[in-house]
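**Q** Just to be clear, the model below is a prediction. Sequence and coordinates:
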Amino acid sequence: MEPVEELATKEYKWGFVTDIESETIAKGLNEDVVRLISSKKNEPTWLLDWRLNAFRQWQKLKEPKWPNVTYPPIDYQACSYYSAPKQNVKKGSMDEIDPELVKTYEKLGIPLDEQKRLSNVAVDAVFDSVSVATTAKDYLEKLGIIFCSFSEAVQKHPDLIRKYLGSVVPSNDNFFASLNSAVFSDGSFCWIPKGVKCPMELSTYFRINAADTGQFERTLIVAEEGAIVSYLEGCTAPKRDTNQLHAAVVELVAQKDANIKYSTVQNWYPGDKEGKGGIYNFVTKRGRCAGANSKISWTQVETGSAITWKYPSVILQGDNSVGEFYSVAVVNNRQQADTGTKMIHVGKNTRSTIVSKGISAGKGQNTYRGQVKVVKKATGARNYTQCDSLLIGDRCGAHTFPYIEVQNSSARVEHEASTSKISEDQIFYCKQRGVSTENAINMIVNGFCKEVFRELPMEFAVEAQKLLGVSLDGSVG
Amino acid sequence: MSATTLEKPAVLGGCWPAHLEAVERSAAWKRVPGAAELRTQGATSFRERGFPSTDDEEWRYTSVENLVKVGFRQSLEPKADALVANTAKMFTFGLEKAPRLVMVDGFFSKELSSLGGLPAGVIACGLAEAMDKHRALVEPRLGKFAKPGMTAFTSLNTALFQDGAFVHVPEGVVVERPLVILHLSHESYLASHPRHLFVLGAGAQISLVEAYASPSCDLYFTNAVTEVDLARGARLQSVRIEAESGNAFHVANTQSRLAEGSLFQHCAAITGAEFFRHDLGSLLAGERAEAQFFGLTIASGKQHIDHHTVIDHAVPNCPSREFYKAILNGRSHVVFNGKVFVREDAQKTDAKQTNKNLLLSDDARVDTKPQLEIFADDVKCTHGATIGPLDEESIYYCRSRGIAPEIARGILTYAFARDVLQHFAIPEVCDWLDKSMVQRLLDAGRTA
């Protein structure tokens, strides 16, 4: 397998730092910090109480030890919980945003300029702890769609926030979700009114810039009856020697006949070859199919982060509701990923599909952990799970921990898993036909992930394929 | 996942500390010569860790609460009566003339056993006797595969065992006829801890039937530990038959080490016991060693049946197969947890695991966790799990050919079971199981 190892190592090209004056609060975490964040955001009292309650619960919770990942203990007092770029008090239009920020996003390939904006995508750009710009807002407003930063939503639509915040991921759900509930700084909020089909892709782009800070954003998407929305999430961070914590919470609510599609291309800085630096990506993502015939679909391409710990889940509460999870997770060098999903079948005739593709290279450790649960009253539940692993090199690991719990005799649950490697035969076949080794591997890997990629929106699918090539460079053996 | 360490105070359970103290004081502590050190390790480990709770990943779906709260008695001396002799005759499993090693409540019974007809050099006797007479064979192996602190129940067994079955087949000897190892439980509220050790020399072959049975419907507890050591090219095919009383608790741990080119086949047919938990593990320590596990569970009533398997591919070029099926009726709960480890450098591993569950009742519950942990790249590993009811189309097919729906369901249920039963090693036992289970399966289909 030597030829395969010869691929050059490409650099993490999003690893630059933006030199921008920012306001960062002192390191450490206590009730005063929670109050400070809340006051900076000018939040109503109920939200501060909610945060404080979460903080008190967090103090009682223990950091989970069950994920199949290892990392030195995190000192939660050693990082800053709020960092915001200093800019004009209120951004009236895009022109008033610090040009440094606009440049940063341009460099990342996310133009914030309305004229140059990505065709048919509305972007909410989150820089460290705050949202710096949201594009296409006016256009969406005409349709009654609310798409803005979380802080703005708290001010303008407090009733909606109060109704849905924590309704899917309660503030005491788990250690990292509680931490997020206490100190979350910003994020995106999206509300699609009854019967509206969102005409463009909504997107949030997260960027960690400041050193020694954690990013704790919160995304809430609510699709009212019959509404349809497709949402994209992207993220990058500079190259640093120290590990940074990213503990986000994403909540999705789909009412009757609603349809939410949530796609992620996660590309946080993965650390260097020796595993130094990188982002700890400990994220809680959950959707609730609250109404009948609703559908929530998660698609994720996980290529970055030193450690990934996330399980985008669906609670299939409404009758005939549908949950989907499509995932490609790539680990290279010393990256570790423990990711998967949970499908909780509660309503009648609920269906779920899980397709997980794990690729391990270098010394990476990749774990699929998934739960399919059919409760007693969930008659006619149907689940199909497929999780495949591709191993590249003999020092990496692929693990699967599926939990299948069925309490209803009419349920049909299938689980399949396989593990394989890129065989020399396959590469030989390609080379014989004039395809270079590098291209052959790209082709094989892309073929392996095809089922997931075709679920991604067009622009993302192209991006994801490229990203995959870069992530695996220098590893293929 | 690595073993979860319990941070909670150890749950020691009502009667067990007293059992440990009684044994430590009695002559029974020294009944098996040379085991005192091992016993101390077992007792210490149990006192430190106690029983697992459902917070423990390995016991997530299996609560030992009901078992722990029963006040069991322990027996420190063997006893025999005429009734036992008669019941022993009842259980032949289709092997009327085969050599038999019979144990009653954890003690080897010479009177009930008939060990004639075994080839020269083959040893089949009680473990206590073997420790005395064949110490060189026993001592280096006892407690080495099923380590004293492996699980709470193995700790208890190590501290409390009185006897068990010992089988040694020397190098190159092929035993043609299967050997039956029958463990009878006879007294209610008695806890027995049989300890078995099977040792096969290079190229040796034997088929074993390891059966646990009771003529009664008593409540009792069997806590068995079996250790298997296979030398180069040895072949051990075993069938485990669980025909315990419907009120019994049965916990077992079987651990095996397979040297180069050896084969360990373990087939389990589980119908009895209200609570059953079996930890079955194979360490593939030599190249081309092969482990094959088959299991058929037919659960009804309030039965709780838990299969935990671990196949550890430590070296390259080893195949392994697992095929487990369960049929659930009533309020039964079946758990399957199958782990396959492929260590670094264990290239060319070929591991396949299948778990299928048929749900015939609305109150039944299945929890399955097929688990792969792979650290090598040139491997072929697959696992599959399915849970579901009978296929309506198949029933329709039968009905369109004039078969009544309840009979169609019976036939399909039987076919589901037969699929795994046909892999069972010993043909006579396979036929016996087939016959004894046909009616049960047809009935199971009908009540669905």
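**A** Arrived safely.

**Q** Tally up the residues packed near A:Asp49, please.
**A** 11 (other Cβ atoms under 10 Å in any protein chain shown). In short, each C-beta sits where N, CA and C put it, glycine included.

**Q** Oops, could you answer that again for A:Thr70 instead?
**A** A:Thr70, neighbours per other Cβ under 10 Å, totals 8.

**Q** In contact with the closest residue to it other than its chain neighbours, which residues?
**A** Distances taken as Cβ to Cβ, 6 or more residues apart in numbering or on different chains place A:Gln336 nearest to A:Thr70, at 7.2 Å, with adjacent residues excluded. For A:Gln336, the contacting residues are A:68-71, A:306-308, A:364-367, by Cβ atoms under 8 Å, 6 or more residues apart in numbering or on different chains.

**Q** Provide the backbone phi and psi angles at whichever residue of the stretch 101-250 of chain B sits closest to chain A.
**A** Per Cβ to the nearest Cβ, the residue of the stretch 101-250 of chain B with the smallest distance to chain A is B:Thr151, at 19.0 Å. The phi/psi pair for B:Thr151 (degrees, to the nearest 10) reads phi -140, psi 170.

**Q** ditto for B:Ala120
**A** Dihedral angles (degrees, to the nearest 10) for B:Ala120: phi -60, psi 140.

**Q** Roughly how far does it sit from B:Arg232?
**A** Per Cβ to Cβ, to the nearest Å, B:Ala120 is found 21 Å from B:Arg232.

**Q** again, but for A:Asn42
**A** For A:Asn42, the distance to B:Arg232 - Cβ to Cβ - is 77 Å.

**Q** of the two, who's got more company?
**A** Neighbour count, other Cβ under 10 Å: between A:Asn42 and B:Arg232, B:Arg232 has more, with 18 against 9.

**Q** helix/strand/coil for that one?
**A** Assigned with DSSP: H, G, I helix; E, B strand; the rest coil, B:Arg232 falls in the coil class.

**Q** What pLDDT is listed against the spatially closest residue to it that is not a sequence neighbour?
**A** Closest residue in space to B:Arg232, ignoring its immediate chain neighbours: B:Ala202 at 4.4 Å, by Cβ to Cβ, 6+ apart. As predicted, B:Ala202 sits at a pLDDT of 96.

**Q** Pull the contacting residues for B:Ala202.
**A** By Cβ under 8 Å, 6+ apart, B:Ala202 lies in contact with B:171-172, B:231-234, B:259.

**Q** check whether whichever helix or strand A:Leu179 is part of contacts chain B.
**A** Secondary structure from DSSP states H and E places A:Leu179 in helix A:175-183. No - applying Cβ under 8 Å from any Cβ of the partner chain, one finds helix A:175-183 separated from chain B by no less than 15.5 Å.

**Q** for that helix, what is the average pLDDT?
**A** Summarised as a single mean, pLDDT over helix A:175-183 is 93.

**Q** Report the distance from that helix to the chain centre.
**A** 16 Å (Cα atoms, centre = their mean, to the nearest Å).

**Q** which other helices and strands contact it?
**A** For helix A:175-183, the packing partners by 3 or more Cβ pairs under 8 Å, 6 or more residues apart in numbering or on different chains; DSSP states H and E come out as helix A:31-40, helix A:45-60, strand A:249-254, strand A:278-289.

**Q** rerun that using 6 Å as the cut-off
**A** Packing contacts for helix A:175-183, counted by 3 or more Cβ pairs under 6 Å, 6 or more residues apart in numbering or on different chains; DSSP states H and E, involve helix A:45-60.

**Q** And the contacts of the helix it packs on?
**A** Contacts to helix A:45-60, defined as Cβ atoms under 6 Å, 6 or more residues apart in numbering or on different chains, come from residues A:34, A:38, A:171-172, A:178-179, A:181-182.

**Q** who wins for neighbours among the residues you listed?
**A** A:Ser181 (29 neighbours).

**Q** Next one: the residue nearest to A:Thr70 relative to chain B, how far apart?
**A** Distance, A:Gln336 to chain B, by Cβ to the nearest Cβ, to the nearest Å: 13 Å.

**Q** pLDDT score assigned to that residue?
**A** 92.

**Q** Tell me what it is bridged to.
**A** A:Ile307, A:Gln365 (DSSP bridges).

**Q** Following element in sequence after the helix holding A:Leu179, please.
**A** Going down the chain from helix A:175-183, the next helix or strand is strand A:188-192, by DSSP H and E.

**Q** Show me what that next one pairs with in its sheet, parallel or antiparallel.
**A** Counting by DSSP bridges, strand A:188-192 is paired with strand A:146-149 (antiparallel), strand A:218-223 (parallel).

**Q** Save those strands as TSV, and put in mean neighbour count and mean pLDDT too.
**A** Formatted as TSV, these follow (neighbours: other Cβ atoms under 10 Å in any protein chain shown; pLDDT from 0 to 100):
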stretch	mean neighbour count	mean pLDDT
strand A:146-149	23	88
strand A:218-223	25	94
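
**Q** Select, out of those, the one closest to A:Lys156.
**A** strand A:146-149 (7.3 Å; Cβ to Cβ).

**Q** residue ranges with poor pLDDT in chain B?
**A** B:1-13, B:80-82, B:442-448 (pLDDT under 70).

**Q** which residues does A:Thr353 form a beta bridge with?
**A** Assigned bridge partners for A:Thr353, using DSSP bridges, are A:Glu324, A:Tyr384.

**Q** scratch that, A:Val123 is what I was asking about
**A** With DSSP bridges as the criterion, A:Val123 is bridged to A:Ser203.

**Q** quick one: contacts for it?
**A** If you count contacts by Cβ under 6 Å, 6+ apart, A:Val123 has them with A:135, A:203, A:205.

**Q** can you tell me how far it sits from B:Ser53?
**A** Remark: distance between A:Val123 and B:Ser53 (Cβ to Cβ) = 49 Å.

**Q** Likewise for B:Ile387?
**A** In terms of Cβ to Cβ, B:Ile387 sits 26 Å off from B:Ser53.

**Q** One more: B:Phe145?
**A** 26 Å.

**Q** next one: B:Ser245
**A** Distance of B:Ser245 to B:Ser53, given as Cβ to Cβ: 26 Å.

**Q** So the two - more neighbours on which side?
**A** More neighbours surround B:Ser245 than the other of B:Ser245 and B:Ser53, with 22 against 15 (other Cβ under 10 Å).

**Q** Now that one: phi and psi?
**A** Torsion angles, degrees, to the nearest 10, at B:Ser245: phi -60, psi 150.
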